[in-house]
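1. quick one, fold the following:
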Amino acid sequence: MGLQDGHRIRLRERFLTCGQDALNDFNLLELLLFYAIPRKNTNDTAHELIERFGTLNRVFEATVEELCQVNGITENGAVLIKLMLPIASRYAIRKAEHEFNNIIPDSVTAGEFLKPYFAGERDEVVYMISMDSKCKILETLRLFRGSVNSASISIRKIVGNALKNNATRVILAHNHTSGIALPSNADIETTARIKEALAAVDVILVDHLVMSDNDFVSMADSGNL
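-> I've put the predicted structure just below:
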């Protein structure tokens with residue numbers, strides 16, 4: 001057994017015995033890379049990744065192309081790293097579905113339910129929750145990437161999806177990549193048009209949430225709906 005093999009075994013055993021608290025960010029990333037980069041020192045690679053991107057979360061948010069520019073990162077290593085956020089997000093989504101029993105009675109519940117859907121997003125995305133009259137979720141759908149200010153085609157898609165699901169209530173949410181969870185004037189104007197279009201087919205726009213990082217603002221609660 002070489003020195004590298006011994007180090008890998010010890011790090012793995014420390015994680016299995018003591019959990020993540022026994023490892024710093026570099027160690028966790030190093031351990032992850034064991035499974036994509038065999039028989040090589042991944043400690044230096046882990047340090048270079050965090051030094052280049054700044055933090056562990058930024059490493060996971062980097063593109064495959066950006067990751068492959070780091071010395072020692074293979075395409076397999078980059079794909080493994082990129083899998084972390086989708087897996088964590090899917091876990092959080094399924095957990096939220098179970099925790100809230102697919103019922104969204106208020107804006108706080110809606111925001112907490114939707115947070116995992118926006119985790120790690122670098123682009124602006126828009127989600128739509130279709131619900132019945134008892135606030136039970138019929139479908140949670142990512143409508144599109146890009147600005148919520150996209151004109152009539154976006155509104156047609158929202159109305160069409162509500163009708164397809166026989167929804168009586170709808171919640172919209174989009175994220176601000178700027179880090180500020182406040183609706184812009186354009187957001188407010190577009191939301192008013194969406195609300196009017198949905199009302200024409202007897203569907204209530206219950207809320208429109210603006211998400212940013214781990215924060216969100218309800219346009220209904222803030223009087224902008």
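2. what lies in contact with stretch 95-104?
-> 109-110, 112-113, 115-116, 129, 131, 134-137, 171 (CB atoms under 8 Å, 6 or more residues apart in numbering). Using the backbone N, CA and C atoms, a C-beta is placed for each residue, glycine as well.
3. residue 160: which of the residues you listed is nearest?
-> residue 129 (15.4 Å; CB to CB).
4. retrieve the pLDDT associated with the closest one.
-> With respect to pLDDT, residue 129 has a value of 96.
5. and the lowest-mean-pLDDT helix or strand in the chain, what does it pack onto?
-> Least confident helix or strand, the chain: helix 3-18 with a mean of 81, by mean pLDDT, DSSP states H and E. Here helix 3-18 touches helix 25-33, going by 3 or more CB pairs under 8 Å, 6 or more residues apart in numbering; DSSP states H and E.
6. which parts of the following helix or strand past the helix it packs on are buried?
-> Downstream of helix 25-33, the next assigned helix or strand under DSSP states H and E is helix 43-53. For helix 43-53, the buried set under the neighbour-count rule, 16 or more other CB atoms under 10 Å, comprises 43, 45, 46, 49, 50, 53.
7. and what of stretch 131-150?
-> 131, 135, 137, 138, 140, 141, 143, 144, 148.
8. mind checking which of the contacts of stretch 95-104 land in helices?
-> 109, 110, 112, 113, 115, 116 (DSSP state H).
9. can you redo those residues as JSON lines with neighbour count?
-> Shown next, in JSON lines, are the ones in helices among the contacts of stretch 95-104 (neighbours: other CB atoms under 10 Å):
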{"residue": "109", "neighbour count": "16"}
{"residue": "110", "neighbour count": "25"}
{"residue": "112", "neighbour count": "14"}
{"residue": "113", "neighbour count": "23"}
{"residue": "115", "neighbour count": "20"}
{"residue": "116", "neighbour count": "18"}
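10. now the residues you listed as CSV including pLDDT and distance to residue 31?
-> Listed next are the ones in helices among the contacts of stretch 95-104 as CSV, based on pLDDT from 0 to 100; distance: CB to CB, whole Å:
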residue, pLDDT, distance to residue 31
109, 93, 36
110, 93, 36
112, 91, 31
113, 92, 32
115, 90, 27
116, 89, 24
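11. buried residues in the longest helix along the chain?
-> Longest helix in the chain, counting residues (DSSP H): helix 75-100. For helix 75-100, burial by neighbour count (16+ other CB under 10 Å) applies to 77, 78, 80, 81, 82, 84, 89, 93, 96.
12. what's the pLDDT at the last one?
-> According to the model's per-residue confidence, residue 96 sits at a pLDDT of 80.
13. and if you look at the fourth one?
-> On the pLDDT scale, residue 81 is placed at 94.
14. you'd agree it is up against residue 32?
-> Yes: with contact defined as CB atoms under 8 Å, residue 81 reaches residue 32; the gap is 7.2 Å.
15. returning to that earlier point: could you dump the buried residues of helix 75-100 into CSV with distance to residue 211 added?
-> CSV is the format used below for the buried residues of helix 75-100 (distance: CB to CB, whole Å):
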residue, distance to residue 211
77, 30
78, 27
80, 27
81, 24
82, 22
84, 21
89, 13
93, 14
96, 14
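16. could you work out the most separated pair of those residues?
-> Maximum pairwise distance among those (CB to CB): 30.1 Å, between 77 and 96.
17. low-confidence ranges in the protein?
-> Scanning the chain for pLDDT under 70 picks out 1-5, 146-153.
18. re earlier: okay, the contacts of stretch 95-104 in JSON lines with distance to residue 225 next?
-> Formatted as JSON lines, the contacts of stretch 95-104 follow (distance: CB to CB, whole Å):
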{"residue": "109", "distance to residue 225": "17"}
{"residue": "110", "distance to residue 225": "13"}
{"residue": "112", "distance to residue 225": "19"}
{"residue": "113", "distance to residue 225": "18"}
{"residue": "115", "distance to residue 225": "20"}
{"residue": "116", "distance to residue 225": "24"}
{"residue": "129", "distance to residue 225": "15"}
{"residue": "131", "distance to residue 225": "16"}
{"residue": "134", "distance to residue 225": "21"}
{"residue": "135", "distance to residue 225": "16"}
{"residue": "136", "distance to residue 225": "21"}
{"residue": "137", "distance to residue 225": "20"}
{"residue": "171", "distance to residue 225": "11"}
